[in-house]
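predicted structure and sequence below. I'll ask about it afterward.
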Amino acid sequence: MAPATPVQILAALLPVLITAIFLLIITVPISSRKGRNPVLWGLLCCVPFINLFLVLWLISQTDVEVKNQIKSLQDDLAKMKSSLENKIN
């Protein structure tokens, strides 16, 4: 069996490269929205076979904006609760 030529090697790796680039384009904006490091997540997308699972995990995480809104609502609720307790007493 003859050794593989560079063109054959590139052709074999082309699907992996296309998948990694596609996931990289998707992951960088999502990771910044989730409050994660976009550079790190961009590099993790280039690791074959685990990149899809990592992206699915990242997508399932809560956005930073949503976490901030929940925290704000909890603070408002605590203020209303304390003011109501003050009025009762």
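In hand now; what should we look at?

does residue 20 touch residue 43 like I think?
No: counting by Cβ atoms under 8 Å, residue 20 stays clear of residue 43, with 10.2 Å between them. Yep, even glycine has a C-beta here, placed from its N, CA and C like the rest.

pick out whichever of the two has more residues nearby.
residue 20 (17 against 12; other Cβ atoms under 10 Å).

who's in contact with that one?
45-46, 48, 51 (Cβ atoms under 8 Å, 6 or more residues apart in numbering).

beyond the stretch of helix or strand it belongs to, next helix or strand please.
Here residue 20, judged by DSSP states H and E, is contained in helix 6-33. Sequence-wise, the next helix or strand downstream of helix 6-33 (DSSP H and E) is helix 38-44.

show me what that next one is packed against.
helix 6-33, helix 51-60 (3 or more Cβ pairs under 8 Å, 6 or more residues apart in numbering; DSSP states H and E).

okay if I get those as TSV plus mean pLDDT and distance to residue 89?
Formatted as TSV, the helices and strands packed on helix 38-44 follow (pLDDT from 0 to 100; distance: least, Cβ to Cβ, whole Å):
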stretch	mean pLDDT	distance to residue 89
helix 6-33	92	44
helix 51-60	93	44
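
among the ones you listed, which is nearest residue 87?
helix 6-33 (40.4 Å; Cβ to Cβ).

tell me the angle that closest one makes with helix 51-60.
Relative orientation of helix 6-33 versus helix 51-60 (axes from the mean of the first three to the mean of the last three Cα atoms, to 10 degrees): 10 degrees.

ok now helix 6-33, how far from the chain's centre?
Centre-to-centre, helix 6-33 and its host chain are 16 Å apart (Cα atoms, centre = their mean, to the nearest Å).

buried residues of that helix, list them for me.
19-20, 23-24, 27, 30-31 (16 or more other Cβ atoms under 10 Å).

alright, calling it a day.
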